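>>> could you look at this predicted model? Sequence included:
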Amino acid sequence: MAAMFKLPTRATAPFCPSEVRGSVFIDPALPVWRRLLKFAGPGLLISVGYMDPGNWATDIEAGSRFGYDLLFVVLLSSLAAIVLQTLSLRLGIVTGKDLARASRDAYKPATAKFMWLCAEIAIIACDVAEVLGCALALKLLFGLPLAWGIVITGLDTIIVLGLQGRGFRRLEAIVLGLIATIAICFLVELVLVGPDFIEIAKGLIPSPIVVTDTNALYLAIGILGATVMPHNLYLHSSVVQTRVSGNSQAAKKSAINFATLDVALSLALAFFINAAILVLAAAAFHATGATEVAEIEDAYRLLEPIAGTAAASILFGVALLASGQSSTFTGTVAGQVIMEGFLDLKIPCYQRRLITRGLALIPALAGVLWLGEDSVGRLLVMSQVVLSLQLPFAIYPLIRLTSSRQTMGPFASPLLLQAIAWSLFVVIVAANFWLLLQLFLG
């Protein structure tokens with residue numbers, strides 16, 4: 001375990017998982033506020049996955065069709081995400097292993113390979129959403145044909161190459177800038193549209209609509225899949241190891257506390273952005289009778305006449321582009337974590353990026369060419385449902401490993417946390433099963 005705290009000896013591709021562990025030393029003698037600032041960062045990287053273009057599609061359609069009624073799903077999904085990400089960071093800090101590595105050590109080779117396949121499917125589904133989101137943003141802002149925009153997104157590997165040798169904190173700073181851009185854009189959007197705050201408060205209260213309306217259930221599961229993302233559980237257990245405070249039990253306890261606060265604050269920001277997207281759609285479209293807005297492109301075009309200014313649609317497009325690009329960075333690192341952990345296979349980050357993006361371009365291009373340019377929203381929602389279907393295969397080993405005293409020692413999850421985690425697992429599995437049943441019977 002001491003190897004976990006060895007400082008990197010070379011600067012190439014510092015944001016690849018095998019080379020970032022131990023990159024930021026946290027002096028336990030520092031004041032609390034300074035230690036908190038040094039611990040901040042991994043949570044922001046994780047939060048990016050909770051506000052990618054896939055979230056936009058599900059939140060916009062949910063707000064347009066059902067107004068504020070599904071806002072509680074965004075809230076509950078965000079709370080579930082905090083619980084699961086907390087388990088992930090605890091695993092990484094205590095064992096010095098990411099979830100992929102720990103799963104490979106705990107399960108038979110055939111089982112581990114199956115889990116790896118599920119994780120790769122989740123990453124590709126997430127990357128499809130990033131491809132479609134960035135391509136659509138380029139089309140909306142610059143009039144570029146969607147198919148060409150999809151091809152251009154394949155060039156983002158150049159960005160990954162350009163970041164090599166820049167340091168993990170540099171990556172975190174770039175992601176923070178992109179997140180701030182998204183947040184500011186939506187804050188201005190909400191001011192321009194003027195939502196009904198009383199209805200927002202009502203929307204945060206759980207509604208039976210998700211069990212009485214198949215369309216609402218489909219969107220709710222899409223929101224869940226877009227919010228609680230499987231690859232983030234693998235990623236967080238790795239990147240949290242970039243914060244080092246020592247090997248002692250007290251140091252690990254302190255690290256868990258600071259990392260939990262980091263992820264809670266970061267995912268609270270992600271909740272605000274996701275809620276803002278749904279609220280924007282509810283206020284701008286559902287409240288004005290436009291209840292069939294299911295495409296991001298339609299939302300972009302309708303915002304200007306409803307808000308009364310072209311700035312609304314431009315800000316929307318800029319936020320969409322920032323959302324897709326920020327997810328690109330974390331998707332690369334997550335793919336590397338999964339490949340190294342399950343297969344013990346190490347390749348340069350840009351090669352991993354080429355593989356992931358290449359596999360995502362095929363379904364994205366095929367979907368657009370087959371279904372047309374107005375199908376982006378449907379494809380995005382579909383990608384998020386795929387993520388939700390893959391989620392149990394990451395949650396189950398995470399809960400089992402973090403509940404085991406053999407694995408976690410005195411840091412094994414307390415009974416209350418275990419009960420909450422297993423309840424989330426049952427709800428997610430039941431919701432997925434119900435959705436498949438409804439789609440099959442329908």
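Perfect, I can see it now.
>>> could you measure from the residue nearest the centre of the chain over to A364?
Closest to where the C-alpha atoms of the chain average out (CA atoms, centre = their mean) is G49, at 1.9 Å. For G49, the distance to A364 equals 18 Å [CB to CB, to the nearest Å]. For the C-beta atoms, the positions are set from N, CA and C on the backbone; glycine is no exception.
>>> and if you look at G409?
G409 sits 44 Å away from A364, going by CB to CB.
>>> so the residue nearest to V211 when sequence neighbours are not counted is in which element?
Counting by CB to CB, 6 or more residues apart in numbering, V211 lies nearest to L217, which is 6.9 Å off, once chain neighbours are set aside. For L217, the host element (DSSP states H and E) is helix 214-227.
>>> likewise S47?
Counting by DSSP H and E, the element that carries S47 is helix 42-48.
>>> what does that helix contact?
Residues outside helix 42-48 that contact it (CB atoms under 8 Å, 6 or more residues apart in numbering): 85, 89, 171-172, 175-176, 178-179, 232, 235-236, 239-240, 242-243, 259, 262-267, 269-270, 326-327, 329-330, 333.
>>> among those, which ones are buried?
Using 16 or more other CB atoms under 10 Å as the burial test, those include 85, 89, 171-172, 175-176, 178-179, 232, 235-236, 239-240, 242-243, 259, 262-263, 266-267, 269-270, 326-327, 329-330, 333 as buried.
>>> can you give me the strands in this structure?
Secondary structure of the chain (DSSP state E): strands at 24-25, 243-244.
>>> so in this protein, where's the weakest helix or strand by average pLDDT?
The helix or strand of the chain with the poorest confidence is helix 17-20; it has a mean of 47 (mean pLDDT, DSSP states H and E).
>>> tell me where the model's unsure across the stretch 151-300 of the chain.
For the stretch 151-300 of the chain, the stretches with pLDDT under 70 are 154-172, 225-226, 244-245, 294-295.
>>> same thing but 90
The stretch 151-300 of the chain contains residues with pLDDT under 90 at 151-197, 206-232, 235, 238-255, 257-258, 266, 269-270, 272-274, 276-277, 280-300.
>>> now L303: how far from D374?
Separation of L303 from D374 (CB to CB) stands at 17 Å.
>>> tally of neighbours for the residue nearest to V211?
Using other CB atoms under 10 Å, L217 is surrounded by 18 other residues.
>>> isn't it right up against N432?
No - taking CB atoms under 8 Å as the definition, L217 is not a contact partner of N432, at 10.5 Å.
>>> I'd like to know which elements the helix holding L217 is packed against.
Contacts defined by 3 or more CB pairs under 8 Å, 6 or more residues apart in numbering; DSSP states H and E place helix 214-227 against helix 53-66, helix 71-95, helix 209-212, helix 249-284, helix 376-390, helix 415-441.
>>> switch to 6 Å and redo it
Under the contact definition 3 or more CB pairs under 6 Å, 6 or more residues apart in numbering; DSSP states H and E, helix 214-227 sits against helix 53-66, helix 71-95, helix 209-212, helix 376-390, helix 415-441.
>>> highest mean neighbour count out of those helices?
Ranked by mean neighbour count under mean count of other CB atoms under 10 Å, these are led by helix 53-66, which reaches a mean of 29.
>>> if we can go back for a sec, neighbour-wise, which of L303 and D374 wins?
L303 (26 against 13).
>>> who are the contact partners of that one?
Counting by CB atoms under 6 Å, 6 or more residues apart in numbering, L303 makes contact with A312, S313, F316.
>>> return the member of those nearest to V427.
V427 has its nearest neighbour among the contacts of L303 in F316, at 32.3 Å by CB to CB.
>>> please report how far that closest one lies from E297.
Counting by CB to CB, the gap from F316 to E297 is 10 Å.
>>> compare neighbour counts for the two and give me the winner.
Using other CB under 10 Å as the criterion, F316 and E297 rank with F316 on top: 27 against 16.
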